[in-house]
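K.L.:
Quick one, what's the 3D model for this:
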Amino acid sequence: MIQNRRAIIPGLLTLSNLTCGYLSIVYAAKEDYLTAGYLILASAFFDLIDGLAARLLKAASNFGVQLDSLADIIGFGAPTAFLIYRYKLENLGTWGIIFSLLFLVAGALRLARFNIEVDPDLKKGDFKGIPIPVAALSVTFLVLAQLESDLIPWNWNSWFYPIVTLVVAAGMVSKLKFAAFPKTNAAYFRKNPFSVLFLIAVPFVIWFYGVTGLFFMFIFSILYNIALSYVSKPKKRKSH
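P.N.:
Got it, this is the predicted structure:
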């Protein structure tokens, strides 16, 4: 009984993630892309703290894990796909639907694989493929950056947004290794200086460059992890 009561708070936080995702779709349908984008950021906030709350309250459960994955589809997959479709891909007709749908499908496959697959080659906390929150935030920051500063020239619309959407979608279903979120301890600092510098840089980037800077930080982080994954990949020994 105590365990069930403890699980209420993490469960409500997870449902808040889902709620923000649904509201994002509602606002994107009304062409209020700014509010829709910030609601996806709110989903990311609730997704971050629901797991933390579950661990602090010792209320982690298989039910919570499954609910979290379902919430992530509505909190990140569907609203991000719909946001980028309504904002920039709708003009491409059927192709715009296909590109945005591929993002949603890749997110669903990524979450399903995460729930059932155990990879002994991964460090604890690391991921195979881009986590769906990172993928969603990368696309969302692109939309918010465009709304904030007209980052992308209008004549790039027909190819830039589809390419970003497809690359991020492919990254979610890839087998490339992506580092876990930085931890706040000395041992992690020594082993992962780049991740720590990335984390420290976030507030300064927000202060000086806003969401435009965050978009470039996320894209750089994805490219860095892709390069690192290839460099650190063990070479197969040649058989004689």
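K.L.:
Can you give me the buried ones in the longest helix seen in the chain?
P.N.:
The helix spanning the most residues in the chain, taking DSSP state H as the definition, is helix 193-231. Residues of helix 193-231 classed as buried: 195-196, 198, 205, 209, 211-219, 221-222, 225-226, 229 (neighbour count, 16 or more other CB atoms under 10 Å). (C-beta placed from N, C-alpha, C; glycine too.)
K.L.:
for that helix, packing partners?
P.N.:
Helices and strands touching helix 193-231, by 3 or more CB pairs under 8 Å, 6 or more residues apart in numbering; DSSP states H and E, are helix 132-149, helix 160-173, strand 177-178, helix 186-191.
K.L.:
angle of the longest one against helix 193-231?
P.N.:
If I follow you right, that is helix 132-149. 110 degrees (axes from the mean of the first three to the mean of the last three CA atoms, to 10 degrees).
K.L.:
avg pLDDT for stretch 82-89?
P.N.:
The average pLDDT for stretch 82-89 rounds to 96.
K.L.:
Please apply the same query to stretch 47-55.
P.N.:
On average, the pLDDT along stretch 47-55 is 87.
K.L.:
Let's have the helices and strands packed on helix 193-231 in JSON lines, adding distance to residue 51, mean neighbour count and mean pLDDT.
P.N.:
Output for these, formatted as JSON lines (distance: least, CB to CB, whole Å; neighbours: other CB atoms under 10 Å; pLDDT from 0 to 100):
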{"stretch": "helix 132-149", "distance to residue 51": "11", "mean neighbour count": "23", "mean pLDDT": "92"}
{"stretch": "helix 160-173", "distance to residue 51": "19", "mean neighbour count": "20", "mean pLDDT": "93"}
{"stretch": "strand 177-178", "distance to residue 51": "17", "mean neighbour count": "21", "mean pLDDT": "78"}
{"stretch": "helix 186-191", "distance to residue 51": "18", "mean neighbour count": "11", "mean pLDDT": "59"}
